[in-house]
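>>> Sequence isn't available, so here's the structure alone:
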């Protein structure tokens, strides 16, 4: 059961969701089911996040849930 990244077309929130089948998740902020599956922004190697210039609030991007605001307590980015 993979975790996918989604973007809400109604409010613009990006979120991750564990998907059990072909079910479409709903946005955790506004409850809309008008969401699209997104391409992953980075990959994890060696347990750390990859920095991408211009991505995220602090210039880094990570696939873990703690990095949504640009800072991650679990990986330090």
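Noted; the coordinates are in hand. Given the structure is predicted, the values throughout are model-derived calculations rather than measurements.
>>> Please name the residues that touch the residue nearest to residue 9 when sequence neighbours are not counted.
Distances taken as Cβ to Cβ, 6 or more residues apart in numbering put residue 34 closest to residue 9, at 4.5 Å, once the chain neighbours are dropped. In short, each C-beta sits where N, CA and C put it, glycine included. Residue 34 makes contact with 8-10 under the criterion Cβ atoms under 8 Å, 6 or more residues apart in numbering.
>>> Would you map the strands across the protein?
For the chain, the strands defined by DSSP state E occupy 3-8, 14-18, 35-37.
>>> Neighbouring strands - and their directions - for the longest one?
Put plainly, it is strand 3-8. Note on strand 3-8: by DSSP bridges, its sheet partners are strand 14-18 (antiparallel), strand 35-37 (antiparallel).
>>> Looking at the contacts of residue 34, state which has the most neighbours.
Counting neighbours by other Cβ atoms under 10 Å, residue 8 leads those with 21 neighbours.
>>> which residues touch the nearest residue to residue 2 once chain neighbours are set aside?
In space, and not counting its chain neighbours, residue 2 is closest to residue 19: 6.4 Å by Cβ to Cβ, 6+ apart. Applying Cβ under 8 Å, 6+ apart, we find residue 19 in contact with 1-4, 25.
>>> Mind pulling up the pLDDT for residue 19?
Here the pLDDT value assigned to residue 19 is 83.
>>> Mean neighbour count and distance to residue 29 added to the strands paired with strand 3-8, as JSON lines?
As requested, the strands paired with strand 3-8 are arranged in JSON lines below (neighbours: other Cβ atoms under 10 Å; distance: least, Cβ to Cβ, whole Å):
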{"stretch": "strand 14-18", "mean neighbour count": "15", "distance to residue 29": "8"}
{"stretch": "strand 35-37", "mean neighbour count": "14", "distance to residue 29": "11"}
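>>> What number of residues are in the vicinity of residue 27?
Residue 27: 21 neighbours (other Cβ under 10 Å).
>>> Distance of it relative to residue 39?
Residue 27 sits at a distance of 18 Å from residue 39 (criterion: Cβ to Cβ, to the nearest Å).
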